[in-house]
Structures are given as C-alpha cells and as structure tokens.
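Participant: structure, please.
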Amino acid sequence: MMNGLVNITVDGKDLKVERRKPLLQALLDAGINVPYFCYHQKLRIIGACRMCIVYNEKTGRLITSCNTPVEEGMVISTKHPLVKENQKYLLQAFMTRHPLDCPICDKAGECDLQNYGALFGPQKQIVQVSALEKERHQLDWESDFLEYYSNRCVVCYRCTRACDDVVSAKALYVEERGFQANIAPAVRPMDTSSCEMCGLCVYVCPVGAIISKPFKYWTRSWLLQRGQTSCNLCSVGCQIQIEYGLGDWRSEEKVYRTKPTDSLDICAKAFFGYDALNHNRLRKPEVFGKEESYGNISQLLSTYLRSGNTAIVLSSYLNNESLLAIKEISHRCGAIITSTLTANLYPFLESYGDYEPVEWERVEKYDQYLLIGEDLTSTATVLSYYIKGKVYKVGRVERDAKLGPVKLDWEDVNSLEGKGLMVVNLEGMVGEEARLWGERVRRFKEEKDWDVMLVCKEANFLGVLKTFSKDELSPIDVVIEEAEKGNISNLLIFGEDILDFYPIERIGSLKDRVGHFVVFSPFYDGLASYASVRVPMFLLGEEEGTYSSLMGEKKTHCFLPWGGSLTQFLLNLLELMPKEKVGIKKPEGKSSLKESLLSIHLYRGSWINTRSQNLSKLYSKNLLEAVNYA
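Facilitator: The predicted model follows:
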C-alpha cells in the first residue's frame, strides 16, 4: 500500500483505490457500471435501495457497495449470477407500483428506473396486486413550483437528505413506511414554508417523483442542448448547467431550465430564476430607438468620450475583463468612475484595512461561526449550505433560522471563546454605519484572531475591489449630484446596481440633465428605456469571462446561441480612444448616503432576479404570507 491506496480485484482486474472510500464510488470512478438509486457522492449514505449489491468472493456473500468501505485485498464481482438475479428481483419490486407513464413524465430520457428497466429487460410482476392496490396515497404539496407523484417514488430518500444535510432547510420528511411511504412537506403550502426552492430535490430524484412545474410538459430532455458555466447571479460562484433550445423543430430558442452539477451548489436564484434570460432582452445596440451596429456605436461613444466630462457607473456583475477595459478607457478619457460598492464595501474597508478573502475550502472546516448583518441565506444562499458548526448571529434572523443561531448583541461577542469564522454581510450597511462595522470587526479580529469573510450580493464585488482602489472610485451619491447639477456631459451606466439606492424615476430623469445618457443592460425595459444609447450586457451562458467569487476565480462560458461579448466591444472602443493616459478624475464632495432602497430577500436579491417571473411570484406569495401572519 502506498499513499493511502489499497489493492483490490474487481471482475478479475486489479485496481488501486483509496482506502476507506465507499466501494461503489471506487467502482464508478474506475468506469465500472453498478446500478443504484439512493447513493449520491455528496449525500449521507443510508443503503436504502440495495440495487448496488456486489459479490464478495472471499466471504461468498452479497454486500451493498455504497456503505462498504474499501479494504486491502478485496475480491469483488459485479457480474456474478447472484448479483444479476437479485438486482433484477429488486428492480421488479420497484416496478410493482410504478406507473408506466413515461410518455407523459418529464423525467423520461434521464430516468434511472427507465434506463435500468431497458438494461435488465422485460419485467415480471413479482407481487400479485390489483391495479387499484398499486395506487399509493397522493400528497398535494400545495406548491406552484414543485409537484410530487407518489406512485413514481422509489423511496430512495435522496430528496430528504439533500434538504436536511446540504441545505439544512428540513422542508421534507417521510410519511408512513414501506409501500405506504410518501415524501411530505413539513409545512404546507410548500412555497411559503422553510423550503428555499433550491430545486435540489428535483435534481437528485432518480425518477420523476418530484418535478419542476415551470418545466412541466414544455419539452423533452433529449431535444435540448446543454452547457455548463459559473453562475453570476450572486457572489458565491456555483457551477451550474443550462439547458436550452435552438429555435429549430425541436424546441423554441430559449432557456428551459437550469440544474446544479453533482456538487449540489445551486439556489432559487438560478434554479427558478432562469426565466429572466428569456424576457425583455436587449439583443442589439440602439441609438434613439433605432438598431445600430456595434462598430457604429463604438465610433459614436468614442466621439462622446473625447469631449466633455464623463462619469461611469460600474456594475459589480461585470466580469474582470470588462472591468479592466473600463478602467483603461477611463484613464484615456479622464472619466469619473463610481460603483454602488462605494456605499458599503469601500467605507467598511476604510476602517477595517486590507482584506484577504478566505479560501472556500476552509469554510466548512470551522467549528463556530459568527454571522454579522442581514440574512446570509437570502444574500449568498449556497454559502449557508457550508456552515455546519455552532452559529452565533448579530443582526436579523430570517432564513438563517435553519442554522439554529444563538442571537447575540455586539456587546456579547467578546465572550466567545476559541477561533472561528466571522461572516460579515455588508448589505444594508451604508456610509458611516459601514465604517463603524469595519472598526468593530477589525478590533474583534485582532483580539480574538478569528478569520473574516466579507459578503456582498453582487457577483463580482471582489473583482471590483481587486481592479479599483478607493482612490479611483468616487462616492456614488457625489457623482449623481454632479449629474443632477448638469456638470456631467456623458453618463455611462452599466447594469442597474444604482437602483439599489435611487428610484428609477430619479435616475431616468438624468437623461435631461446630461448631454448623452448611455445604458449598458441585458434588458430592454427598466433603466435602458430612458437611454438615448443602449448597449447589451450578457447573462448566464452568454459571455466568456472570469469572476472573483467567494469560491475563488471562476470562468463563465458562452454557449447560448444569442450570446456575445461586452468585453470585446469595450476593447474595440478602447482602440478608438487616445493612447495618452490623462488619469481618472474625482469630483469634490464627500458622501452623505445613509440608506439603501434594497430589501434583502431570498427571491428578490438583485435587479437581475427582479426580472424573473418565477421569483417574483414566490416573493409575492411569501410577502403576503408574512403580512397575514403578522
């Protein structure tokens, strides 16, 4: 044995595998096909389905491979007659009550039971039950987004384990036992319960027992194209899959659904918020409502930027390449640059000092956590999946209640013993309050030697911090006041981050105060509808680039047929600018911003999420439930 590896023999072949690793995972990693339903590499092993049985040649017994750790000298057969005979018997048992409704089931084409049924051949009914006796009690989850078919369920407990062990929402449980077992919501209606609508129960279900209603009956899995990218709807940086149509005979040109990878990192913002990619999209650049080419727009903007005072409002949803291009353009034309991060992140760091992000791999290794500020689960949902130790909370507790936090006042935190991770949610902290918290956190870190993780809702807030120093960014409110006074000739706004602090009517009215009002946006409506010049931005799966997320540097990919590159447009614009750098300007004045318009909510996290009809419906239902409860 070397480097923690052991020698085993499988079907006559010698393998070197990691000691104590689940035998099933070792076989799958070696490319050996073993059927299973209940196993998932990220879920707690329970050995419920028994389909993964193999034959132990040394003991002469059948064993379940999922809950058997690998040991030196194992001799295993996956093809022994007893293995195949028992697997076929088990499959027939699963089929006993399973309806033959593949033609109308959304899981058809990607269903494990369907695939194994085809692999093992025609099935026999091993238990003599009538058609009526096959019916299992149906449960209405009372949800507009999730639907449960009890007869399709193979009771693998993947959904309950994902909900309990990964998300910690505990929104599902098993009702009854045996043939009468059903997966039931802990609270109904489901949409206003502790369920976070992350969609993991849909994804991990090996059959069509739990389905997504927004996807139901729209298309077939084999008719869709798919790609994988890093999510940029919040700052975590999860890897997700996007399934889409090409607009041919198979399916309409749009995104049909999003899914996690087997890392199970996804939340409602991506799982149900994908429909934002399909509505009111700005696909081509326009000047005064008339479509123009990117080349002509570049020429026009270069003319604008060469004359007059220019102010640029950054979006923290831009990738690092676009941020660098904007910085260089600003140096060439002497522009003023601002960002909404000048209201919270930069004031915080003025009193905190230099910040070094915590490596993602370390997050789940702490024994205790101190959460500061707004609801973390609503701001960076997947981060909450990795917090498993003792939790203390200073601030509002809403969805964070799932973590079982001990509520503290700031005066009490000095009583905490040992080391841990302090997670500071900067949303809602503005100006002087942010500076105050920066001072508090710095002192606590120095005295207690805790690690600190900063969280903002924006996908690339760390990229903005890495690209622009505090001396290069002007306070957002000072820049807006300059524009309102008529001191700005060209106002370029990227995205709609600014609407977190100002109503759209106020910002839209700037078109009459500045010479040229230019908006870069993924959407045709909203702020772009006020602009004389509007240029497309791109969303999930639509542009190549890198993001500095909480998970580290992540790459986004362009595979959707309507995608493009804002970065390339900005680089082309840069080529038209003077070569000499005149430097970034800063107007006179000090920030006096004191509050944000943003309300932190799981289903209403950013201007991108507000475009999702699915999330808007969930938000309204939860808001109404909260009002009724109050």
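
Participant: can we go C-alpha only for contacts and neighbour counts from here?
Facilitator: OK.

Participant: can you map out the helices along the stretch 101-250 of the chain?
Facilitator: Secondary structure of the stretch 101-250 of the chain (DSSP state H, counting those that start in this stretch): helices at 112-120, 158-161, 200-204.

Participant: got it, and the stretch 451-600 of the chain?
Facilitator: 461-467, 476-484, 504-508, 566-575.

Participant: mind checking which of those helices is nearest residue 451?
Facilitator: helix 461-467 (17.0 Å; C-alpha to C-alpha).

Participant: helices or strands up against the closest one?
Facilitator: For helix 461-467, the packing partners by 3 or more C-alpha pairs under 8 Å, 6 or more residues apart in numbering; DSSP states H and E come out as helix 320-333, strand 542-549.

Participant: average pLDDT for the next helix or strand after the longest one?
Facilitator: Past helix 320-333, heading to the C-terminal end, the next element that is a helix or strand (DSSP states H and E) is strand 336-338. Taken as a whole, strand 336-338 has a mean pLDDT of 97.

Participant: strand 336-338: how far from the chain's middle?
Facilitator: 29 Å (C-alpha atoms, centre = their mean, to the nearest Å).

Participant: point out the other helices and strands that it packs with.
Facilitator: Using 3+ C-alpha pairs under 8 Å, 6+ apart, strand 336-338 sits against strand 310-313, strand 473-474, helix 476-484.

Participant: right, so the helices of the stretch 101-250 of the chain: which one is the most enclosed?
Facilitator: For these, the largest average neighbour count (mean count of other C-alpha atoms under 10 Å) is found in helix 158-161, namely a mean of 25.

Participant: can you redo the helices of the stretch 451-600 of the chain as TSV with mean pLDDT and distance to residue 42?
Facilitator: Output for those, formatted as TSV (pLDDT from 0 to 100; distance: least, C-alpha to C-alpha, whole Å):
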stretch	mean pLDDT	distance to residue 42
helix 461-467	98	28
helix 476-484	96	43
helix 504-508	96	43
helix 566-575	98	36
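
Participant: now render these as TSV, adding distance to residue 90.
Facilitator: As requested, the helices of the stretch 451-600 of the chain are arranged in TSV below (distance: least, C-alpha to C-alpha, whole Å):
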stretch	distance to residue 90
helix 461-467	51
helix 476-484	64
helix 504-508	60
helix 566-575	54
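
Participant: so can I have CSV of those helices showing mean neighbour count and distance to residue 104?
Facilitator: Formatted as CSV, the helices of the stretch 451-600 of the chain follow (neighbours: other C-alpha atoms under 10 Å; distance: least, C-alpha to C-alpha, whole Å):
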stretch, mean neighbour count, distance to residue 104
helix 461-467, 20, 44
helix 476-484, 20, 53
helix 504-508, 15, 45
helix 566-575, 18, 41
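
Participant: out of those helices, flag the one nearest residue 494.
Facilitator: helix 566-575 (10.7 Å).

Participant: other SSEs contacting that closest one?
Facilitator: So helix 566-575, by 3+ C-alpha pairs under 8 Å, 6+ apart, packs with helix 294-306, helix 320-333.

Participant: gap between it and the chain center?
Facilitator: 28 Å.

Participant: and if you look at stretch 535-551?
Facilitator: With C-alpha atoms, centre = their mean, you get 13 Å for stretch 535-551.

Participant: ok, now stretch 587-604?
Facilitator: Using C-alpha atoms, centre = their mean, the offset of stretch 587-604 from its chain centre is 23 Å.

Participant: contact partners of it?
Facilitator: 196, 268-269, 336, 343, 374-375, 377-379, 381, 427-432, 474-479, 482, 499-503, 605, 609-610, 615-616, 618-619 (C-alpha atoms under 8 Å, 6 or more residues apart in numbering).

Participant: check contacts around residue 480.
Facilitator: For residue 480, counting by C-alpha under 8 Å, 6+ apart, there are no contacting residues.

Participant: again, only this time at 10 Å
Facilitator: 311, 313, 338, 486-488, 491, 498, 502, 506-507, 510 (C-alpha atoms under 10 Å, 6 or more residues apart in numbering).

Participant: same thing with residue 275?
Facilitator: 214, 254-258, 609, 611-615.

Participant: got the helices and strands packed on strand 336-338 as JSON lines, with distance to residue 207 columns?
Facilitator: Formatted as JSON lines, the helices and strands packed on strand 336-338 follow (distance: least, C-alpha to C-alpha, whole Å):
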{"stretch": "strand 310-313", "distance to residue 207": "48"}
{"stretch": "strand 473-474", "distance to residue 207": "52"}
{"stretch": "helix 476-484", "distance to residue 207": "51"}
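
Participant: now the nearest residue to residue 50 once chain neighbours are set aside. Its backbone dihedrals?
Facilitator: The shortest distance from residue 50 to any non-neighbouring residue, by C-alpha to C-alpha, 6 or more residues apart in numbering, is to residue 64 (6.1 Å). Main-chain torsions, residue 64, degrees, to the nearest 10: phi -80, psi 130.

Participant: what's the separation between the residue most central in space within the chain and residue 159?
Facilitator: The centre of the chain sits closest to residue 266, judged by C-alpha atoms, centre = their mean, with a distance of 4.3 Å. The gap separating residue 266 from residue 159 is 14 Å, by C-alpha to C-alpha, to the nearest Å.

Participant: kindly supply the PyMOL command isolating those of the contacts of residue 480 that are buried.
Facilitator: The PyMOL selection below is limited to those of the contacts of residue 480 classed as buried (16 or more other C-alpha atoms under 10 Å):
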select buried, resi 311+313+338+487+488+491+498+507+510
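
Participant: closest to residue 287 out of the contacts of residue 480?
Facilitator: Among the contacts of residue 480, and counting by C-alpha to C-alpha, the member closest to residue 287 is residue 491, at 14.8 Å.

Participant: my guess is that closest one contacts residue 508. True?
Facilitator: No: applying C-alpha atoms under 10 Å as the test, residue 491 and residue 508 come out as separate, 11.3 Å apart.

Participant: which neighbours do these two share?
Facilitator: Contacts common to residue 491 and residue 508, judged by C-alpha under 10 Å, 6+ apart, are 517, 531.
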